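K.L.:
Could you look at this predicted model? Sequence included:
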Amino acid sequence: MTLRRFPILMTAFALGCLAQAPPQPPPGPGGPPAGPGAPPANAGGLRPLSAIPVPRPSNLGKYVRDERALVALGKALYWDMQVGSDGKTACATCHFHAGADHRSQNQLADPLAPFVLNATLGPDDFPFHKLADPNDNRSRVLANSTARAGSAGVPRRSLTGFVPGRPADDGFDLADAPSFSLNGANLRQVTGRNAPSVIDAVFNFRNFWDGRASNIFTGMTPFGESDARPNAVVSVNGGLVAEQVRVDNSSLASQAVGPVVNSVEMAYEGRTWPKVARRLLGARPLAMQRVSPTDSVLGQFANPAGPGLSGPATYAMLVQSAFQPAYWNSTQSVDGFGQAEFNFALFFGLAVQAYESTLISGNTRFDRFLGGDGTALNPQEQAGLALFRGRAACATCHGGPETTQASVRNSQRVDLVVGRNPGLDVGFFRTGATPIAQDIGLGGLDDFGRLLSIAATRDSAALPAAQGAFKSPALRNVEFTGPYFHNGGQATLEQVIDFYSRGGDFPTPNNPTGVRRLNLNAGERASLVALLKSMSDDRVRFERAPFDHPELCVPVGAAETAPGVVRIQTADPRFTLSAADKWVGFPPTGAQGSSVPLQTFDEMLRGIGNDGSRAHAMTGACRIFP
Ligand code: HEC
Ligand code: HEC
């Protein structure tokens, strides 16, 4: 992590935002719930998602002058493969499918044990923890894998330079044995956790499985107030002044500035934000990818003749339309970089967050039922809902309109912090999907060495409860977002329900916020699965606005000429260790979406939908990298 070396000349907190804490009801154990008529969230007070406002920063206007331009910039950046150092990796590479990733080859990582590199996952690989009796977590363990079904990012490389405006950085391959080297050929590295969906993530108080993307965005790293550096420069009376950034309700902005400089996900080692900026500001947005003229956000800029946006010729132009001139109009430089280059992480975070804040999927049958339409759910789904809020107690952790306790709204409810959920961060639970030692989750530290757990920061006695706890995810569109859990260890919703029915795989004693054994019968399990499938939004299913998108190609492992033997790519002589990628492509959709529904993960594992009856079947040719 590089530290700024220029002096803070003046602190300019126009809005006095450092003094602002999130609004909180009066403290006190046993006190009344927040606000009159607030539903008992722990008891499953379910209302449609439309019942609650979309969280947004209170001081956005300090930085942003045009929110429509901001969303357009965010959507372009999110889908643009030029953002990765290799010029082939976008945010969307790991979040293209209902906001998540359902690729099956080269998606495994395991920091703890050897695993099959470049593996293609199949139905028999799941669940990762196989029991003789799936209803009994004390029955014989037939197989246990410490691997994670993660997401493939970039090969391990070192950055040497770049040409502004070009789609990729310069660099060279670094040896990557034993991690992702297959007989001397480097594969793309894979993340150690499964990629959650970005859809509805704006309602999460903190993001990432372990909550490390802070609700307070400080402009350059995900870690909120741990990062006390002045991460922006603002022009004041012709001079540049270093300034701390502090934007509330912004865990998505905090999140977004992580992957771009992460050397597993998108970056060559040595990449920094100003370098990202210098290459991208002069680049044409989505230069390699086609955009539908009816795209709900970018259609107005679509290039009728081919790929790339044709309205704003460069990212710099989009930045200038979206942000206040005081953040980009100076001609002075900082550490050898221009003002807009220095402030680019701030721009990137706020823009991507603004786009993701439009990805809200409250148009489900589940929501219509909760909104008062008694016919929107069939009797089986209604039985599932009764279990969800009743005996199966799903709503204890997936309650409220957001279907997660980890919501912005709940974080402001002191009764949940000190009352019903003592000693653990709101919305985080240890359900026992993996042993604590395999992934410490909320019990870990951020990159500045601070505890991730808010409860443990206040009182170290809370630390044991945070270990192995993960954010309770929102549930809309789970039909499409398999594999499930932080380790991606379950392929189907049936497997997830079996997991809950048996009381988790690695139950821990003295865990008041864990899951209990439910002993659900077959009919009950089927109704819970039916309920979960009623939580899909057809606009997600058919990739309609706001879930329409530009063209995208994603890498799906490397071709093997013999078992365990892959070819080194020859197209680019700089990269002498990299395996040749296989690619699949998805055409752009416009606001009207696709005529066929998304393929589920399970369908993909079984080859269902490869006949064209599903969108995102992993069989489409990639036009960009043929
Ligand atoms: C190489 C794959 C990969 C790329 C590229 C990637 N992500 Fe992710 N994303 C992940 C994984 C894996 C996680 C979960 C990591 C964790 O929680 O520790 C994640 C988590 C997230 C989350 C948190 C959701 C939640 O509920 O906690 C959001 C939002 C997100 N990513 C958005 C983005 C954006 C925006 C970009 C581009 C700037 C991006 N991702 C790039 C793999 C990727
Ligand atoms: C004690 C809290 C708790 C209870 C009770 C609970 N969940 Fe969860 N749920 C979580 C947490 C935490 C995770 C993430 C766990 C992990 O990845 O390790 C999760 C994950 C999930 C997922 C996977 C989502 C994804 O994107 O990977 C589904 C589906 C789900 N729960 C459904 C349910 C259903 C249905 C019930 C009731 C039968 C239920 N949950 C009960 C806390 C809970």
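P.N.:
Received it, and whenever you're ready, just let me know what you need. Ligands and ions are numbered 1, 2, ... in the order given.

K.L.:
contacting residues for the residue lying closest to L280 once chain neighbours are set aside?
P.N.:
In this structure, L280 finds its nearest non-sequential neighbour in Y315, 5.2 Å apart by CB to CB, 6 or more residues apart in numbering. Just so you know, the C-beta spots here come from the backbone N, C-alpha and C atoms, and that holds for glycine as well. Y315 makes contact with 73, 76-77, 280-283, 285, according to CB atoms under 8 Å, 6 or more residues apart in numbering.

K.L.:
let's go with 10 Å and repeat that
P.N.:
Counting by CB atoms under 10 Å, 6 or more residues apart in numbering, Y315 touches 73, 76-77, 80, 82-83, 165, 277, 279-285, 309, 340, 344, 347-348, 351.

K.L.:
Could you count how many residues lie near the residue nearest to N231 when sequence neighbours are not counted?
P.N.:
Among residues not flanking N231 along the chain, G219 sits closest, at 3.3 Å (CB to CB, 6+ apart). By the criterion of other CB atoms under 10 Å, G219 has 26 neighbours.

K.L.:
on that earlier part again, filter the contacts of Y315 to the buried ones?
P.N.:
73, 76-77, 80, 82-83, 165, 277, 279-281, 283-285, 309, 340, 344, 347-348, 351 (16 or more other CB atoms under 10 Å).

K.L.:
re earlier: quick check: the residue nearest to N231 touching V234?
P.N.:
No. Using CB atoms under 10 Å, G219 is not in contact with V234, being 11.4 Å away.

K.L.:
which neighbours do the two share?
P.N.:
Common neighbours of G219 and V234 (CB under 10 Å, 6+ apart) are 63, 243, 245, 343.

K.L.:
wait, doesn't the second one sit right on Q339?
P.N.:
No. With contact taken as CB under 10 Å, E243 and Q339 are classed as non-touching, separated by 11.5 Å.

K.L.:
Now the common contact residues for the two.
P.N.:
Listed as contacting both E243 and Q339 by CB under 10 Å, 6+ apart are 232-234, 326-327.

K.L.:
Considering those residues, which possesses the most neighbours?
P.N.:
V233 (29 neighbours).

K.L.:
can you pull the buried residues of stretch 458-465?
P.N.:
Buried residues in stretch 458-465, counted by 16+ other CB under 10 Å: 462-465.

K.L.:
Only alpha carbons, please: show it as PDB.
P.N.:
Taking Å, rounded to 0.1, in the frame of the first residue of the first chain, the C-alpha atoms of stretch 458-465 are listed here in PDB:
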ATOM      1  CA  ARG A 458     -15.700  -2.200  20.900                       C
ATOM      2  CA  ASP A 459     -15.100  -5.200  23.100                       C
ATOM      3  CA  SER A 460     -12.500  -7.800  22.400                       C
ATOM      4  CA  ALA A 461     -14.600 -10.400  24.200                       C
ATOM      5  CA  ALA A 462     -16.700 -10.400  21.100                       C
ATOM      6  CA  LEU A 463     -13.800 -11.600  18.900                       C
ATOM      7  CA  PRO A 464     -14.500 -15.400  19.300                       C
ATOM      8  CA  ALA A 465     -18.000 -15.000  18.000                       C
END
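
K.L.:
neighbours around P48, how many?
P.N.:
Residue crowding around P48 was assessed by other CB under 10 Å; the count is 18.

K.L.:
How about the one 10 residues further on?
P.N.:
Using other CB under 10 Å, S58 has 15 other residues around it.

K.L.:
which phi and psi does it have?
P.N.:
Torsion angles at S58 (phi, psi; degrees, to the nearest 10) stand at phi -80, psi -20.

K.L.:
Return the per-residue confidence for it.
P.N.:
Looking at S58, its pLDDT reads 97.

K.L.:
ok, for it, nearest residue in space, not its chain neighbours?
P.N.:
Distances taken as CB to CB, 6+ apart put D248 closest to S58, at 5.6 Å, once the chain neighbours are dropped.

K.L.:
Run through the residues that contact A580.
P.N.:
The contact partners of A580, taken as CB under 10 Å, 6+ apart, are 185, 558-559, 566-571.

K.L.:
Restricted to buried residues, select those in PyMOL.
P.N.:
Selection command for PyMOL covering only the buried members of the contacts of A580, criterion 16+ other CB under 10 Å:
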select buried, resi 185+558+566+569
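
K.L.:
Let me have the contacts of A580 in JSON lines, adding pLDDT as columns.
P.N.:
Below are those laid out as JSON lines (pLDDT from 0 to 100):
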{"residue": "A185", "pLDDT": "96"}
{"residue": "A558", "pLDDT": "97"}
{"residue": "A559", "pLDDT": "92"}
{"residue": "V566", "pLDDT": "96"}
{"residue": "R567", "pLDDT": "94"}
{"residue": "I568", "pLDDT": "96"}
{"residue": "Q569", "pLDDT": "95"}
{"residue": "T570", "pLDDT": "93"}
{"residue": "A571", "pLDDT": "92"}
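
K.L.:
Out of the contacts of A580, which comes closest to A305?
P.N.:
For the contacts of A580, the residue nearest A305 by CB to CB is A571; the value is 25.4 Å.

K.L.:
Show me what L108 is bridged to.
P.N.:
A149 (DSSP bridges).

K.L.:
How much space separates it from Q569?
P.N.:
Going from L108 to Q569 by CB to CB, to the nearest Å gives 21 Å.

K.L.:
Could you do S251 as well?
P.N.:
37 Å.

K.L.:
pLDDT at the residue nearest to Q107 when sequence neighbours are not counted, what is it?
P.N.:
Excluding its sequence neighbours, the residue lying closest to Q107 (CB to CB, 6+ apart) is A149, at 5.3 Å. As summarised for this prediction, A149 has a pLDDT of 98.

K.L.:
Ok, P509 next?
P.N.:
As predicted, P509 sits at a pLDDT of 86.

K.L.:
ok, so of the contacts of A580, who is nearest S214?
P.N.:
For the contacts of A580, the nearest to S214 is A558 (36.6 Å; CB to CB).

K.L.:
Ligand 1 contacts on the stretch 351-500 of the chain?
P.N.:
352, 471, 473 (CB under 6 Å from any ligand atom).

K.L.:
who's in contact with the residue nearest to D446 when sequence neighbours are not counted?
P.N.:
In space, and not counting its chain neighbours, D446 is closest to F223: 4.3 Å by CB to CB, 6+ apart. The contact partners of F223, by CB under 10 Å, 6+ apart, come to 1, 212-214, 216, 254, 257-258, 445-450, 452.

K.L.:
switch to 8 Å and redo it
P.N.:
Shown in contact with F223 (CB under 8 Å, 6+ apart): 212, 214, 254, 446-448, 450.

K.L.:
from the contacts of A580, which is closest to P588?
P.N.:
A571 (24.5 Å).

K.L.:
shouldn't G122 be in contact with D602?
P.N.:
No. With contacts counted by CB atoms under 8 Å, G122 stays clear of D602, the gap being 10.9 Å.
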